[in-house]
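Visitor: coords below, sequence missing:
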Ligand code: MF3
Ligand code: CO
Ligand code: CO
């Protein structure tokens, strides 16, 4: 399957799915406190998505994933599995990644939460990673290339002495969770696919404090960690390309755009 260009009607359905995913992140925020388990966070999100939003949590049973959200604390890069025995503690940073399906379309978004007071180096990683996403969003318009997006993220991360994870990337999204194109978070300006109006895709940079190298858990087959066990951060939005820029379909109230 090649890249799909969405009709205005399809974009409206994507907008609804994106808004719901963003609202789950807003809903869960007061629960992300010292002592809560990631299993509890999963149950709260699952019940909200099913009962309040009347939507579907896309991760559940996706390629065998066992839970409804991904929870990735500290040196977990992505795809962390919520667990009743994993409790958050003061000073942790954690990514919560929400994907919902509503009326057949996906909305995919994640953000970092600070658990109580967090060391300055951790807070800085979280902030720079968010800025990587925002700088990329800023240049999304027809004519921009995927290489331009990767490059702006890589330049900003590396100029702050961080590294960019290469094994996982953003993706086209719509009726299918992960569709073409792959949106790499590193690259060369003016290379790669040219962005067109009507494309919908995610940008979701994973930025490491240490080296870029990753390790996939042999135990659960999902959890991706940094090899050096230093911190990693990630932020994600789902975007729709317009005639002169993009709409951030998963924008939260606290965000401008
Ligand atoms: N939400 C993730 C992404 O941004 C994918 C999670 S797949 C899962 O693409 F199976 F781990 F849930
Ligand atoms: Co995604
Ligand atoms: Co996601």
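Guide: Structure received. Small disclaimer: the values here were computed from a predicted structure and weren't measured. Ligands and ions are numbered 1, 2, ... in the order given.
Visitor: from here on, contacts and neighbour counts on C-alpha atoms
Guide: Fine.
Visitor: quick one, helices of the protein?
Guide: Ranges of helices in the chain, per DSSP state H, are 8-28, 38-47, 120-139, 146-159.
Visitor: in the second one, what counts as buried?
Guide: The one in question is helix 38-47. 38-46 (16 or more other C-alpha atoms under 10 Å).
Visitor: for stretch 155-174, same thing?
Guide: Quick answer for stretch 155-174 (16+ other C-alpha under 10 Å): 155-157, 162-165, 168-174.
Visitor: same question for stretch 235-253.
Guide: 235-242, 245-252.
Visitor: and the residue lying closest to residue 108 once chain neighbours are set aside, how many neighbours?
Guide: Leaving out its chain neighbours, the residue that sits closest to residue 108 by C-alpha to C-alpha, 6 or more residues apart in numbering is residue 99, at 4.3 Å. Residue 99 is flanked by 26 other residues according to other C-alpha atoms under 10 Å.
Visitor: what's the distance between stretch 29-37 and the middle of its chain?
Guide: Distance, stretch centre to chain centre, for stretch 29-37: 20 Å (C-alpha atoms, centre = their mean, to the nearest Å).
Visitor: who's in contact with it?
Guide: 41, 82-90, 113, 115-116 (C-alpha atoms under 8 Å, 6 or more residues apart in numbering).
Visitor: ok, 10 Å please
Guide: Residues outside stretch 29-37 that contact it (C-alpha atoms under 10 Å, 6 or more residues apart in numbering): 38, 40-41, 44, 82-92, 94, 96, 113-116.
Visitor: now, those that are in strands?
Guide: Among the contacts of stretch 29-37, DSSP state E puts 94, 96, 113-114 in strands.
Visitor: farthest-apart pair in those, please.
Guide: 96 and 114 (11.1 Å; C-alpha to C-alpha).
Visitor: against ligand 1, how distant is residue 208?
Guide: Going from residue 208 to ligand 1 by C-alpha to the nearest ligand atom, to the nearest Å gives 17 Å.
Visitor: the nearest residue to that residue once chain neighbours are set aside: neighbour count?
Guide: Closest residue in space to residue 208, ignoring its immediate chain neighbours: residue 232 at 4.3 Å, by C-alpha to C-alpha, 6+ apart. Residues near residue 232, counting by other C-alpha under 10 Å, number 32.
Visitor: mind listing what's buried in stretch 26-41?
Guide: Neighbour-count burial for stretch 26-41 flags 32-33, 36-41 (criterion: 16+ other C-alpha under 10 Å).
Visitor: now for those residues: which two are most distant?
Guide: Greatest spatial distance in these: 33 and 39, 13.3 Å, computed using C-alpha to C-alpha.
Visitor: who touches both of the two?
Guide: residue 87.
Visitor: follow-up on the earlier one: touching, the residue nearest to residue 108 and residue 17? I think so.
Guide: Yes. Using C-alpha atoms under 10 Å, residue 99 is in contact with residue 17, at 8.7 Å.
Visitor: shared neighbours, those two?
Guide: Residues touching both residue 99 and residue 17 (C-alpha under 10 Å, 6+ apart) are 56, 106-108.
Visitor: export these as a markdown table, with columns for neighbour count, distance to ligand 1 and pLDDT.
Guide: What follows is the shared contacts of residue 99 and residue 17, written out as a markdown table (neighbours: other C-alpha atoms under 10 Å; distance: C-alpha to the nearest ligand atom, whole Å; pLDDT from 0 to 100):
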| residue | neighbour count | distance to ligand 1 | pLDDT |
| --- | --- | --- | --- |
| 56 | 21 | 12 | 99 |
| 106 | 28 | 10 | 99 |
| 107 | 32 | 9 | 99 |
| 108 | 29 | 6 | 99 |
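Visitor: of these, which pair is most distant in space?
Guide: 56 and 108 (12.0 Å).
Visitor: report the beta-bridge partners for the residue lying closest to residue 18 once chain neighbours are set aside.
Guide: Leaving aside its chain neighbours, residue 18 sits nearest to residue 107 (4.0 Å; criterion: C-alpha to C-alpha, 6+ apart). Residue 107 forms beta bridges with residue 100, as assigned by DSSP bridges.
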